[in-house]
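> next comes the sequence, and after it the predicted model I'd like to discuss.
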Amino acid sequence: MNALIVDDERLARQDLRRLLTAHAEIEIVAEARNGEEALKRIQQESPDLVFLDIQMPGMSGFDLLERLDDVPQIIFTTAYDEYALKAFEVNALDYLLKPVAPERLAAALRKVRMLRQARMEQVFVRDGERCWIIRLRDIFLLESEGNYTRLYFGKERPLIPRSLAALEERLDATTFFRAGRKHIVNLHWIDKVEEGVAGNLIVVLQGGRTVEMSRRQSVRLRNVLGL
């Protein structure tokens, strides 16, 4: 499993590297001293796992996540416990206080092993002071609001500063279907499909949300679903 260590303190990076020698399944492919370096390393190495400090000069760990389109598994490492709640709100795998205890590191890596087989593409989402690391498969609807897009997952409805068209380019077309000008739906979340009065289709998603298809996209959806 490829890992990246991101920390502005050289001794902290060395200490974590030393602790990780006890875990043969982890291969450290690179280190980064700040967010800008980490961004380049992640793009170059595509690590499975990132050990990420939070307070760094210039770009914080949370700021770095916001810059990523595909988010690896994240274990935060920090000297401050005040960010713990926020770290778990974004679905980080674990939150290790420095100096990192070997037993806590081992526990965090057990979580990594348990989730690795189930890992799917993830995105980092921030809406104001709230933020999440969300699996794309859990997003059941994307709704355009001008140059912004509202994402629907669980009970959350964050609004992010990206257009629906820009997001569509990065989505798997076998999973996400463009319903019309304003909506993209996750095909795996469709509960049933109904006929509209104009001959178009109306999709009912799990949970009851309905999305009306354009007539053109209704034809495509019939082909996709074999209707």
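Happy to help now that I have it. Numbers count the residues shown, from 1 in each chain.

> quick one: the nearest residue to H188 once chain neighbours are set aside from A3, how far?
Distances taken as CB to CB, 6 or more residues apart in numbering place T175 nearest to H188, at 6.4 Å, with adjacent residues excluded. All C-beta atoms are positioned from the backbone trio N, CA, C, and that covers glycine. From T175 across to A3, the span is 28 Å (CB to CB, to the nearest Å).

> for these two, indicate the residue with more neighbours.
Remark: of T175 and A3, A3 carries more neighbours, 26 against 17, as counted by other CB atoms under 10 Å.

> the more buried one: what's it in contact with?
L20, I26, E27, I28, V29, P47, D48, L49, V50, F51 (CB atoms under 8 Å, 6 or more residues apart in numbering).

> among the residues you listed, show me the least confident.
Lowest pLDDT among the contacts of A3: D48, with 88.

> what is the neighbour count of R13?
Residues within reach of R13, counting by other CB under 10 Å, total 20.

> that one in helix, strand or coil?
helix (DSSP: H, G, I helix; E, B strand; the rest coil).

> returning to what we had before: among the contacts of A3, which lie within strands?
Among the contacts of A3, DSSP state E puts E27, I28, V29, L49, V50, F51 in strands.

> include distance to L167 and neighbour count when you put those into CSV, please.
What follows is these, written out as CSV (distance: CB to CB, whole Å; neighbours: other CB atoms under 10 Å):
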residue, distance to L167, neighbour count
E27, 32, 13
I28, 33, 17
V29, 29, 17
L49, 25, 23
V50, 23, 28
F51, 29, 27
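
> can you tell me which of these is nearest R162?
Relative to R162, the closest of the ones in strands among the contacts of A3 is V50; by CB to CB it sits at 22.4 Å.

> wait, D138 sits on K155?
No: judged on CB atoms under 8 Å, D138 makes no contact with K155 at a distance of 11.7 Å.

> mind giving me the packing neighbours of the helix or strand where V219 lies?
Assigned by DSSP states H and E, V219 belongs to helix 215-225. Secondary-structure packing of helix 215-225 (3 or more CB pairs under 8 Å, 6 or more residues apart in numbering; DSSP states H and E): strand 176-178, strand 190-195, strand 201-205.

> the last one versus helix 215-225: what angle between them?
Between the axis of strand 201-205 and that of helix 215-225 there is an angle of 60 degrees, by axes from the mean of the first three to the mean of the last three CA atoms, to 10 degrees.

> for strand 201-205, the distance to its chain's centre please.
Relative to the centre of its chain, strand 201-205 is centred 26 Å away, using CA atoms, centre = their mean, to the nearest Å.

> quick one: average pLDDT of it?
95.

> about what we covered before: for the residue nearest to H188, list the residues it contacts.
Taking CB under 8 Å, 6+ apart, one finds L136, R137, N186, L187, H188 in contact with T175.

> just the ones of these in helices?
The members of the contacts of T175 all map outside helices under DSSP state H.

> could I have the PyMOL command that selects the buried members from these?
With 16 or more other CB atoms under 10 Å as the criterion, this PyMOL line picks the buried residues out of these:
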select buried, resi 136+186+187
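
> relative to E145, which of the contacts of T175 is nearest.
The nearest one, if we look at the contacts of T175 relative to E145 and count by CB to CB, is N186, at 18.3 Å.

> pull the contacting residues for that closest one.
The neighbourhood of N186, defined by CB under 8 Å, 6+ apart, consists of R137, I139, F140, L141, T175, F176, F177, L205.

> among the ones in strands among the contacts of A3, which one sits closest to E169?
Nearest member of these to E169, counting by CB to CB, is V50, at 24.5 Å.
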